[in-house]
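> Give me coordinates for this.
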Amino acid sequence: MEWNNGQAGRRVTRQLLNFNDWSDRVADRMMRYFPRRKLDVRLEQPVVSFTFDDVPHSAVRSGATLLERYNARGTFYIAGGLQDKMQGEMRMFSPADVQYLARAGHEVACHSFSHRKMSKLSREILERDLARNKAYLDGLAPQEGRLRNFAYPYNAPQWRARTLLADRFSSCRGGGNQINRGRVNRDFLYGVEIGGADAKFSTLSSYIEDVARNPGWLIFFTHDVDDNPSPYGCTRDLFEKLVAYAAEKSCRILPVRDAMALLQGQNRE
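Just a heads-up that it's a prediction; the model follows:
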């Protein structure tokens, strides 16, 4: 039988992708079902957090300023290695952007330095990567006496890194498109994406209506906020409508930092 190297290579690539996808799903379920730290989310008034991953410049220029228009603040998960880079046609954040966010009262949070999927990193490399990002963020937006919050690159956790992350961060956020209620995993908080083909007000506003009826903690996440967004971002119009709707529904709009402080205070009572 004649061996076709091209077909064999494609077959191996597909098998590796399938294995990686399976491995990510297993890690996701392990994190969900075996939490290391729990957080009791019981609220009388609903809380909504608007967060930004990677932080393109438009997230600062548009996302932050639109939140400020409603006297609200957001959480910006920054990967220092992306500073000043171009991703497609998107310009990423600058050092001045990070400093602006801190001065304006937004939360400067961590997204690792290299923005690599954590399952691909050894513990030693991950530890160095997180230390490098901490040094980067502390140099631009010092934060004394308080742990930063973290979001997993690509929303993909690493089961083996649970202790490492718990020692360094107040909370860690993933995806899952659910509202945080009751006893939740503090190291894998649910996030709801504002982006992609489902980035429609009718779909996303239903989460706000849900959390308003049955109070919990709704964490939205997106990337860019632009009139011509990437597949991972949203339009300025959609973003502002969601912020306005959350305010209209009497939700408290808080960065993750402040929501965690509120919940931890309640958990100590």
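> what's in contact with stretch 93-101?
55-57, 59-60, 64, 76, 78, 82-84, 107-108, 137, 140-141 (C-beta atoms under 8 Å, 6 or more residues apart in numbering). Placement of C-beta: from N, CA and C, glycine included.
> quick one: buried residues of that stretch?
93, 97-98, 100-101 (16 or more other C-beta atoms under 10 Å).
> and what of stretch 245-257?
Buried-residue list, stretch 245-257, by 16+ other C-beta under 10 Å: 245-247, 251-257.
> same deal with stretch 105-121?
In stretch 105-121, counting by 16+ other C-beta under 10 Å, buried: 106-119, 121.
> and that stretch, what's its mean pLDDT?
For stretch 105-121, mean pLDDT rounds to 95.
> Are any of the contacts of stretch 93-101 buried, and if so which?
Buried among those (16+ other C-beta under 10 Å): 55-57, 59-60, 64, 76, 78, 82-83, 107-108, 137, 140-141.
> on that earlier part again, filter the buried residues of stretch 93-101 down to just the ones in helices.
Judged by DSSP state H, helices contain the following of those: 97-98, 100-101.
> neighbours around the residue nearest to Gly63 when sequence neighbours are not counted, how many?
Nearest residue to Gly63, sequence neighbours excluded (C-beta to C-beta, 6 or more residues apart in numbering): Val225, at 4.1 Å. Other residues near Val225 come to 28 when the count uses other C-beta atoms under 10 Å.
> is Val225 in a bridge, and if so with what?
When bridges are called by DSSP bridges, Val225 pairs up with Cys234.
> swap in Phe52?
Counting by DSSP bridges, Phe52 is bridged to Phe76, Thr222.
> my guess is it contacts Arg73, does it?
No - the pair Phe52 / Arg73 is not scored as a contact, 11.6 Å apart, by C-beta atoms under 8 Å.
> okay, these two: which has more neighbours?
More crowded of Phe52 and Arg73, by other C-beta under 10 Å: Phe52, with 30 against 21.
> can you pull the contacts of the more buried one?
59, 63, 74-77, 221-223, 225.
> Would you mind putting these into TSV with distance to Thr163 and pLDDT alongside?
Below are those laid out as TSV (distance: C-beta to C-beta, whole Å; pLDDT from 0 to 100):
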residue	distance to Thr163	pLDDT
Ala59	31	98
Gly63	33	98
Gly74	29	98
Thr75	23	98
Phe76	26	98
Tyr77	21	98
Phe221	25	98
Thr222	30	98
His223	29	97
Val225	35	97
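> nearest to Glu193, of the buried residues of stretch 93-101?
Phe93 (19.8 Å; C-beta to C-beta).
> Could you report the pLDDT at that closest one?
In this model, Phe93 carries a pLDDT of 98.
> Phi first, then psi, for it.
phi -60, psi 160 (degrees, to the nearest 10).
> Distance check, it against Leu66.
16 Å (C-beta to C-beta, to the nearest Å).
> same question, Leu121
On the measure of C-beta to C-beta, Leu121 and Leu66 end up 35 Å apart.
> Now do stretch 35-51: distance from first to last residue.
23 Å (C-alpha to C-alpha, to the nearest Å).
> Report the buried residues of it.
So, applying 16+ other C-beta under 10 Å, buried residues of stretch 35-51: 35, 39, 41, 43, 46-51.
> re the thing from before, taking the buried residues of stretch 105-121 one by one, which sit in strands?
Of the buried residues of stretch 105-121, the ones assigned to strands by DSSP state E are 107-110.
> where along this protein do the strands fall?
Under DSSP E, the chain gives strands at 38-41, 47-53, 75-78, 86-87, 90-91, 107-110, 148-151, 169-176, 182-185, 189-193, 217-222, 252-253.
> just how off-centre is the first one within its chain?
Put plainly, it is strand 38-41. 18 Å (C-alpha atoms, centre = their mean, to the nearest Å).
> Same check on the fifth one?
Per C-alpha atoms, centre = their mean, the displacement of strand 90-91 from the mean C-alpha position of its chain is 19 Å.
> again, but for the second one
On the basis of C-alpha atoms, centre = their mean, the separation between the geometric centre of strand 47-53 and that of its chain is 8 Å.
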